[in-house]
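Q: Fold the stuff below for me.
(chains A and B)
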Amino acid sequence: MTKTTFTRTALSRRAALRAGAGLLAAPAIMKVATAQTSGAFNWKRFAGQSIEVSLTLGPRANNLRAHEKEFTELTGIKVGSEAVPEQQHRQQQVIQFNSGNPQFDVTSVSWHVQKRLFGKSKWLVDMKPLLADSQLTAPDYDWPDFTAGGVRWATQADGRMDTLPNNIDPWMIYYNKELFAAKGLAFPRTFEEIVMAAEKLTDKSAGIYGWVSRGLKNANVPVWTSFMLGHDVDPVDPKTVKLQTTTDGAIAAAELYKKLNRDFAPPGTVGFNWNEAQTSFSQGKIGMWIDGIGFAPPLEDPTKSRIVGKVGYAVMPQGPKARHSATFGDGIGVAAASKKKEAAYLYCQWATSKLMCNRLLQSGGGSPCRASPYKSPEVIAGLKLPREWLSCLEGSSEIGRPGLPEIVPVTEFRDVFGVGLTNTIGGADARAEMQKATDAFAPVLAKSEA
Amino acid sequence: MTAKATAVDRGYGRNYLPFAYPALLITGAVIVFPWLFTLFMSVHEWKIGSPRAFVGLNNFIRLAGDERFIDSIGTTLYFTLLSVVLPVVLGTAAALIFNERFPLRGLCRAIFILPMMATPVAVALVWKMMFHPQLGVLNYLLSLAGLPPSLWHTSLDTVIPTLVMVEVWHWTPLVMLIVLGGLAAAPTEPYESARLDGANPWQMFRFITLPLIMPFVVLAVVIRTIDALKAFDTIFVISEGGPGTASETINIYLYLQAFAFYNIGYASAIVVVFFVLIVLMAMVLLWLRQKAKWS
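A: Predicted coordinates for the structure are as follows:
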């Protein structure tokens, strides 16, 4: 008979606790190990963490915030998010980043305004190593699905990519089909025809105007650059980083801006930003409105618009030398100072996933930087806007070109030239105003590029 | 032993000074330090995202040639003048009316002071909607009266009067309350004596009421001047300093430099110059207040 002896071993309290903790953690560890060995992606690696997300108020933020619970269910990561109006958000971001201790882990970034400043300051995490990490990037994220334009815009000059592409916003022209039909007009094919149509549509005694666009300084600059691109001129030469704002094309664009806003726009446009222009257009007494494609949903909402079903969506007409749609965009990135970079990166990945991009396109609140939503019959079937809007979006994307220069002092550029453009609506000479603005801004640009 | 020697002997300074330390600490932290730091920044060139460099008085020299800054001083003074004079005149008139006895006076007073209780940003947003040239209710009301529409804040000529109109609506009640307090404290004997001497109502107002309430009116002028000089929210929400730069006050320009262009050093220099202007104006107003005191 074999005698079994049991030896009593002393177990300290600390050792018992350690063992208990080990037992409790075992399922999670096993899950990670299983996921790693089986190749399945583990979204719950950072379950239990909490992240803060700071977004620019608008349809993109609404889309994300409406579905954040799904992200928490998927990852176990709690999300505290806020959406701040654009202007205030940009200031808040810079102040917080500059403090060295931003209160958010994830933030949306307006490429057309913030890209260079954020890139120069290295305030955001480079996404490239994270994208290459199979432990952090789900296999179905499908990076090749992102459009070349979006990826190019998200990439800094030094090769770092500090945001994931989220949205592209090409400018186009909304027009009132009913007013055009009443005058027997077809939508303009050239800049010259825009002026002719605006003139024919305008009937001041009836309170009808052919044109409306942003007149408020700063906000009005993309209208001017939209015309400038039709002359094949960028406001700043991308290669030499020299201002091209007194070239013939730039002056002609300013003259066109002046004519349309001074002669065919409703009184008071000098104080109009996009929302005032949108409100005026939605009342049914404006022929054409130029702005970003993401402003369409309220126009098709019967509670907000008198022109539901009457809105035409048109790609920017041919300019004297070229045909381009001034394009803007935004990405989403992780703060370099964040202590939860991986969890924050998972949020960015979810925010730009196929599912969220599909939802964004269907809502009409933006145009995702992925190719797949535009090819999916199911996604298109669920579109809340007319098909014409989608065609316009696709057509505009094909001729997209940055609407603002890729420089650090973008806001100052917009302010200085915006004042000049506003003055032209008051009757000032376009060439003199553009020359004055160029003289004022040239030293600022030179210093920023030094 | 003198009283001074007693105080020293009792060790007032030693024993009671520690009670002042919290106040000194807070004052130092929230007033003295920010001021010293602003002075420090004003002699540096610092753009957020770039390194800081000492530039001496360069920012101030640049300010002297900055057309937008010089224009903004004129705009600030114009806006301040109208935003002080109109509420003071109207508020004093309202105080004289509300000092009289009439039915429902209490209710009317309460209604009159309601605008003062509203949040400036909310007030500005509502006014902005009402000012919309095509869709705003104000132009509709003008049309009912057979008057032509106005461009309100969207015209170079009318933007400042429009902004002042909002200020007047918002702050006239404050002046009324201050002056009403003065009227309540005024003695009644001079009026009885004046009546016996055969003075008419105008003479009683001109030679009795006005001198009696003058210290309160000057107080209202001081408060309104400070308020108007620092006005930002109403202007920013309604016109953002536009059209162009037509309503760009020093505060708006300062805000742009600091928080839109991130030129922290240059913005600090603007703050220093603005502070000097405010101190000069405050000195004039305090001198006026001393002159207006009852003897």
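
Q: So which residue is dead centre in chain B?
A: B:Asp227 (1.8 Å; CA atoms, centre = their mean).

Q: which one is it nearest to, not counting chain neighbours?
A: Once flanking residues are discounted, B:Asp227 sits nearest to B:Trp171: 6.6 Å by CB to CB, 6 or more residues apart in numbering or on different chains. For glycine as for every other residue, the C-beta is placed from the backbone atoms N, C-alpha and C.

Q: What distance do you get for the one you found to chain A?
A: From B:Trp171 across to chain A, the span is 23 Å (CB to the nearest CB, to the nearest Å).

Q: Measure how buried that residue is and give me the count.
A: 26 (other CB atoms under 10 Å in any protein chain shown).

Q: next helix or strand past whichever strand or helix holds it?
A: Secondary structure assigned from DSSP states H and E places B:Trp171 in helix B:159-185. Moving toward the C-terminus from helix B:159-185, the next helix or strand (DSSP H and E) is helix B:189-196.

Q: Just after that following helix, pick out the following helix or strand.
A: helix B:201-204.

Q: Could you tell me how far that following helix lies from the centre of the chain?
A: Distance, stretch centre to chain centre, for helix B:201-204: 31 Å (CA atoms, centre = their mean, to the nearest Å).

Q: can you count the residues close to residue 277?
A: Using chain A. Neighbour count for A:Ala277, taken as other CB under 10 Å: 27.

Q: not what I meant, chain B
A: Neighbourhood size, B:Leu277 [other CB under 10 Å]: 14.

Q: same question, the one 4 residues further on
A: Per other CB under 10 Å, the neighbour tally for B:Met281 reads 16.

Q: Surely A:Arg90 and A:Val109 touch.
A: No. With contact defined as CB atoms under 8 Å, A:Arg90 does not count as touching A:Val109 (9.3 Å).

Q: Which residue of these two possesses the greater neighbour count?
A: A:Val109 (26 against 20).

Q: In what element of secondary structure is A:Ile194 found?
A: When elements are assigned from DSSP H and E, A:Ile194 belongs to helix A:191-201.

Q: That helix: what's the following helix or strand?
A: strand A:209-212.

Q: pLDDT averaged over that next one - what is it?
A: The pLDDT scores in strand A:209-212 average 98.

Q: Next, the contact list for the closest residue to A:Lys436 other than its chain neighbours, please.
A: Spatially, and ignoring its direct neighbours in sequence, A:Lys436 is nearest to A:Gly420 (6.3 Å; CB to CB, 6+ apart). Applying CB atoms under 8 Å, 6 or more residues apart in numbering or on different chains, we find A:Gly420 in contact with A:Ala254, A:Ala428, A:Glu433, A:Met434, A:Lys436, A:Ala437.

Q: If we use 7 Å, what do you get?
A: Counting by CB atoms under 7 Å, 6 or more residues apart in numbering or on different chains, A:Gly420 touches A:Glu433, A:Met434, A:Lys436, A:Ala437.

Q: ok now the longest helix along chain B, how far from the chain's centre?
A: The residue-count maximum for a helix in chain B (DSSP state H) belongs to helix B:67-99. Mean C-alpha position of helix B:67-99 versus that of the full chain (CA atoms, centre = their mean) differs by 8 Å.

Q: who in the stretch 151-300 of chain A is up against chain B?
A: Residues of the stretch 151-300 of chain A found near chain B (CB under 7 Å from any CB of the partner chain) are A:Leu216, A:Lys217, A:Pro266, A:Pro267, A:Gly268, A:Val270, A:Gly271, A:Glu276, A:Thr279, A:Ser280, A:Gln283.

Q: If I look at the last one, what pLDDT would I see?
A: Residue-level confidence at A:Gln283 comes out at 93, pLDDT.

Q: Count the neighbours of A:Ala186 for me.
A: Using other CB under 10 Å, A:Ala186 has 9 other residues around it.

Q: If we ignore the residues flanking it in sequence, what's nearest it?
A: Spatially, and ignoring its direct neighbours in sequence, A:Ala186 is nearest to A:Phe180 (7.3 Å; CB to CB, 6+ apart).

Q: tell me the phi and psi of that neighbour?
A: The phi/psi pair for A:Phe180 (degrees, to the nearest 10) reads phi -60, psi -40.

Q: Where is the longest strand in chain A?
A: strand A:164-176 (DSSP state E).

Q: Run the chain-centre distance for that strand.
A: Mean-position distance between strand A:164-176 and its chain equals 9 Å (CA atoms, centre = their mean).

Q: Equivalent analysis for stretch A:290-305, please.
A: Relative to its parent chain, stretch A:290-305 has a centroid offset of 17 Å by CA atoms, centre = their mean.

Q: Same question for stretch B:214-233.
A: Distance of stretch B:214-233 from the chain centroid (CA atoms, centre = their mean) equals 4 Å.

Q: Give me the secondary structure label for A:Val308.
A: Secondary structure, DSSP: H, G, I helix; E, B strand; the rest coil: A:Val308 is coil.

Q: Just give the closest residue to it, not the sequence neighbours.
A: A:Pro302 (5.1 Å).

Q: Kindly report the residues of the stretch 301-450 of chain A close to chain B.
A: Residues of the stretch 301-450 of chain A lying near chain B by CB under 7 Å from any CB: A:Val408, A:Pro409, A:Thr411, A:Glu412, A:Asp415, A:Val419, A:Thr422, A:Asn423, A:Gly426.
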